[in-house]
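In: Only the shape, not the letters, is given here:
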């Protein structure tokens, strides 16, 4: 059980608290800490970040800057936020959870079924931490622990779509993914110059399907059937209560291929 609750007044005090006890964790919205009895032990000590980490959403140059303590409902409601990220936050089915959960906490938790992580990776978002800037993709795949202060999201260039699929409105997802296709400003008619296919629910962390991305950029993967097959072959989900591995490969192939086709159509 949680035995100690700390509420620092600034980042310096927060850093001193986390350094003093290896069993202490940062507390953002609390949705992940509060579910700990389901998959791990509750931490003994928590450090409440509400007074030391930004909550506002602002612009900085051409980037949108989202305070790490901004709630996912804040992300949903702000029309300046790129639509794929707003949609991803809205995939969380209950408003009460969206009001509590924070975007920084979602990144820090690094859950494989996160709706937010694929969208941030597809948008090439960067996290500003107490140790410097790091791309969200690297933060997640590299198991970083630095305290996130805010997230910088560049203006999307091209097309980007976030998708999900679950057995019911409240069920955990079997598909959580985002696709982005970028184009060169001078010649968008030449097709995508870059691609990102970020996928959760099929591995221990959110991953990118690099071979699928290369096939899209080369023009080898444009047909829906070919895309579905390539995606099915690129993922290795596990059978569990949500469905068999075969079912998960099939539904990921269908849903993600559809997102790629929709992005291609948006560019044409």
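Out: Everything's here; your move. Bear in mind that the values here come from a model prediction, so they are computed numbers and not experimental data.
In: Residue 214 falls within a helix, correct?
Out: Yes - counting by DSSP: H, G, I helix; E, B strand; the rest coil, residue 214 falls inside a helix.
In: Show me what the longest strand seen in the chain pairs with in its sheet, parallel or antiparallel.
Out: In the chain, with assignment by DSSP state E, the single longest strand is strand 173-182. Counting by DSSP bridges, the strands paired with strand 173-182 are strand 159-166 (antiparallel), strand 194-200 (antiparallel).
In: Test my guess that residue 71 contacts residue 100.
Out: Yes - contact between residue 71 and residue 100 holds when scored by C-beta atoms under 8 Å: they sit 6.9 Å apart. C-beta here means a position set from N, CA and C on the backbone, and glycine is covered the same way.
In: Residues that sit against both of the two, list them.
Out: residue 29 (C-beta atoms under 8 Å, 6 or more residues apart in numbering).
In: Look at the two and report which has more neighbours.
Out: residue 71 (21 against 17; other C-beta atoms under 10 Å).
In: gap between the more buried one and residue 222?
Out: 39 Å (C-beta to C-beta, to the nearest Å).
In: Can I get the strands paired with strand 173-182 in JSON lines including distance to residue 44 and mean neighbour count?
Out: As requested, these are exported to JSON lines (distance: least, C-beta to C-beta, whole Å; neighbours: other C-beta atoms under 10 Å):
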{"stretch": "strand 159-166", "distance to residue 44": "34", "mean neighbour count": "22"}
{"stretch": "strand 194-200", "distance to residue 44": "29", "mean neighbour count": "24"}
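In: For residue 175, list each beta-bridge partner.
Out: According to DSSP bridges, beta-bridge pairing links residue 175 with residue 165.
In: for it, what are its contacts?
Out: Per C-beta under 8 Å, 6+ apart, neighbours of residue 175: 163-166, 201, 251-252, 255-256.
In: tell me the average confidence for the longest strand of the chain?
Out: Averaged across strand 173-182, the pLDDT comes to 97.
In: buried ones in that strand?
Out: Neighbour-count burial for strand 173-182 flags 173-182 (criterion: 16 or more other C-beta atoms under 10 Å).
In: And the contacts of residue 175, which is closest to residue 193?
Out: Checking the contacts of residue 175 against residue 193 by C-beta to C-beta gives residue 256 as the nearest, at 20.2 Å.
In: in the chain, which residue is closest to the centre?
Out: residue 117 (0.9 Å; C-alpha atoms, centre = their mean).
In: and the host helix or strand of that residue, how far out from the chain's middle?
Out: Taking DSSP states H and E as the definition, residue 117 sits inside helix 116-122. Centre-to-centre, helix 116-122 and its host chain are 4 Å apart (C-alpha atoms, centre = their mean, to the nearest Å).
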